[in-house]
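Asker: Sharing a sequence plus its predicted fold:
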Amino acid sequence: MSEAIRNTIVAIIVEAGRLPVAAETLTDDADLYQAGLTSFASVQLMLAIEDRFGVEFPDRYLNRRSFASIASIRAVVSELLTEREAA
Amino acid sequence: MDAQVALIDQLFDAGLLIETGVDGLYGRSGQFEDVISRFDALITSFGREDKAEVIRFPPGMNRAHFEKSGYLKSFPQLAGTVHCFCGDDGAHADLLQCLGEGKDWSAKQEMSDVVLTPAACYPLYPMAAKRGALPEHGRLFDLMSYCFRHEPSRDPARMQMFRMREYVRMGTQAEVLAFRETWLQRGRELISMLELPFEVDVANDPFFGRAGRMMKNSQRDQGLKFELLVPVNSTVSPTACLSFNYHQDHFGQTWGLKTAAGEVAHTACVGFGMERVALALFRHHGVDVQAWPRSLRRVLWG
């Protein structure tokens, strides 16, 4: 499950992140902003993730930290999916 | 809210602002304009040694430049586009008939090539990029323009059409950050000379929607925007009278603006809300400029 989430996230970063490097080569903890993620692209990334996973980022996650790395995005998405299951 | 209505009514009663029937769209009296022009001269006295290139654009900009600027991504709710009648005689008759009947007469209005300038520096970046790479040590511009933002309000400090004076710096990251630091200091000195209470705080632009929420947080997290705030309508939410903005390489990337070394240029600007500062002066020192403190009068009128 978790690995599937990771792969989906990486696929979305490839499409929406507009990084100058290949997202597939990034480690989970690599800093996406260092890798070239712009503020505008991070917004596109958020919208694409919401769309793909059917979740909505609450205000507390609408910040740079949420999109700082594959790991941080996965943590937020996992939490939102768990919340959705429980609801 | 009451305080806001009271202030605007005071300004109308004193004849400093003149009602037009549209919130945020006002005439200015000679006295109001005199204060604006004295403040304008004071800004110039602070910036003179930097030898900025002075440019004055009209309050409308090239729509193609506006579209490319990304403004609609961030602030679609504030933009004002100019539409004009582009019909024939029959369409003209239809227009007049609709007008007479109080119906929507905009059917034959088409978007023109002009967009109302949203911030004084928007027309500048494409012009600067067209000149080619920046010279050694970059460039510095001095701008002022009427600007438009669609946000009708009874708060006199939130006008729909207002003047913004700006200094805009283009260069390396270090150069533009040093410029912003200099103006953060000068801005404090300048407003102190006007004997106004103020604070400087980190801020964000009014980005639209949920995506905008993220842009706001991101802008704050990175300390890209600071505002010098003066209580005008309320002490709870003071008014931004000056802003100090670091755009990173946003405009450099958008317009292909390069430094002398061939890197993508960074930009920063300091913006002065001309009407807001005038309003702050009238709010704190009274509507009668003759009764302002002598020290302040000397700063403005010499």
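Answerer: It's in. Residues are numbered from 1 along each chain as shown, chains lettered A, B, ... in the order given.
Asker: and chain B, which residues reach chain A?
Answerer: Neighbours of chain A within chain B, by C-beta under 8 Å from any C-beta of the partner chain: B:Gly70, B:Lys73, B:Arg210, B:Ala211, B:Arg213, B:Met214, B:Met215, B:Asn217, B:Ser218, B:Gln219, B:Asp221, B:Gln222. Bear in mind the C-beta positions are built from the backbone N, C-alpha and C, glycine included.
Asker: now chain A, which segments are flagged as low pLDDT?
Answerer: Across chain A, the ranges flagged by pLDDT under 70 are A:1.
Asker: In it, what residue spans correspond to helices?
Answerer: Assigned by DSSP state H, the helices in chain A fall at A:2-16, A:39-53, A:70-86.
Asker: Format the CA atom coordinates belonging to the longest one as PDB.
Answerer: Just to be clear, that refers to helix A:70-86. Output of helix A:70-86 as PDB, limited to C-alpha atoms (Å, rounded to 0.1, in the frame of the first residue of the first chain):
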ATOM      1  CA  ILE A  70       8.600  12.600  -1.300                       C
ATOM      2  CA  ALA A  71       8.600  11.400   2.300                       C
ATOM      3  CA  SER A  72       6.800  14.500   3.600                       C
ATOM      4  CA  ILE A  73       4.200  14.300   0.900                       C
ATOM      5  CA  ARG A  74       3.700  10.600   1.600                       C
ATOM      6  CA  ALA A  75       3.200  11.300   5.300                       C
ATOM      7  CA  VAL A  76       0.500  13.800   4.600                       C
ATOM      8  CA  VAL A  77      -1.200  11.700   2.000                       C
ATOM      9  CA  SER A  78      -1.200   8.600   4.200                       C
ATOM     10  CA  GLU A  79      -2.700  10.600   7.100                       C
ATOM     11  CA  LEU A  80      -5.400  12.100   4.900                       C
ATOM     12  CA  LEU A  81      -6.200   8.600   3.500                       C
ATOM     13  CA  THR A  82      -6.400   7.200   7.000                       C
ATOM     14  CA  GLU A  83      -8.700  10.000   8.100                       C
ATOM     15  CA  ARG A  84     -10.900   9.400   5.100                       C
ATOM     16  CA  GLU A  85     -11.100   5.600   5.900                       C
ATOM     17  CA  ALA A  86     -12.100   6.400   9.500                       C
END
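Asker: Which other helices and strands does the helix or strand encompassing B:Cys147 contact?
Answerer: Using DSSP states H and E, B:Cys147 sits within strand B:139-148. Helices and strands touching strand B:139-148, as assessed by 3 or more C-beta pairs under 8 Å, 6 or more residues apart in numbering or on different chains; DSSP states H and E, comprise helix B:30-47, strand B:53-55, helix B:124-130, strand B:161-171.
Asker: switch the cut-off to 7 Å
Answerer: When contacts are defined as 3 or more C-beta pairs under 7 Å, 6 or more residues apart in numbering or on different chains; DSSP states H and E, strand B:139-148 packs onto strand B:53-55, helix B:124-130, strand B:161-171.
Asker: Out of those, the one nearest A:Val77 is which?
Answerer: helix B:124-130 (36.8 Å; C-beta to C-beta).
Asker: Grab the nearest non-local neighbour of B:Thr81.
Answerer: Spatial nearest neighbour of B:Thr81, excluding adjacent residues (C-beta to C-beta, 6 or more residues apart in numbering or on different chains): B:Val115 at 5.2 Å.
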